[in-house]
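[1] compute the structure for the input listed below.
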Amino acid sequence: MPEPGATVSRPQSFLSFDFGIRRVGVAAGNTLLGRAQPLPTVAAEGDARFAVIARLIEEWQPDALVVGVPFHPDGAEHDNTRRARRFARQLHGRHGLPVHEVDERYTTTEALADGARDADAAAAALILEQFLRGLPAAAPEPEPEPEPRHAAA
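    Modelled structure (predicted):
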């Protein structure tokens, strides 16, 4: 049991996104399990896309959002890097939640190699699991001090 006045951290939940111009992969996960589950991909653009995402945020009530940001293999940015970062800023502006960016090189390739039916959603799950692995581990609860033993007199 925690000491009086000690803060107990609760598990945090996240929605993650694999941004694409026509489709956005989505996944949900939390720090308790450290895993992510793919959700149906959002196949909409513009305001329609953000309306679907708003419903997902309302339904899942995440503590924060995670957006995969693609780079060239050498780490250089490209057009989709800038688009994904703009998408992350739009999510933050529309929903006021913290948004974390994750380097998502090769997540779609990995999802396809794993045989995913919905590569975008599977990539979003890989992005979130990568993010969750990078979080600091929660400190374990301290063991209670043993009671002192008194010698018989």
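
[2] and the nearest residue to E110 once chain neighbours are set aside, what helix or strand is that in?
    Distances taken as C-beta to C-beta, 6 or more residues apart in numbering place L126 nearest to E110, at 6.0 Å, with adjacent residues excluded. No exception for glycine: its C-beta is placed from N, CA and C like everyone else's. Here L126, judged by DSSP states H and E, is contained in helix 119-134.

[3] can you show me the CA trace of that helix as CSV?
    C-alpha atoms of helix 119-134 as CSV (Å, rounded to 0.1, in the frame of the first residue of the first chain):
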residue,chain,number,x,y,z
ALA,A,119,-1.4,-2.5,-43.1
ASP,A,120,-2.2,1.0,-42.0
ALA,A,121,-3.9,-0.1,-38.8
ALA,A,122,-1.2,-2.7,-38.1
ALA,A,123,1.5,0.0,-38.7
ALA,A,124,-0.3,2.3,-36.2
ALA,A,125,-0.2,-0.5,-33.6
LEU,A,126,3.6,-1.0,-34.3
ILE,A,127,4.1,2.8,-33.9
LEU,A,128,2.3,2.8,-30.6
GLU,A,129,4.1,-0.3,-29.3
GLN,A,130,7.4,1.4,-30.2
PHE,A,131,6.3,4.5,-28.3
LEU,A,132,5.2,2.4,-25.2
ARG,A,133,8.6,0.5,-25.2
GLY,A,134,10.4,3.9,-25.0
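
[4] so D47, which of the three states?
    Of the three states, D47 takes helix under DSSP: H, G, I helix; E, B strand; the rest coil.

[5] thinking again about what came up before, quick one: average pLDDT of the helix holding L126?
    In this model, helix 119-134 has an average pLDDT of 96.

[6] many thanks, have a good one.
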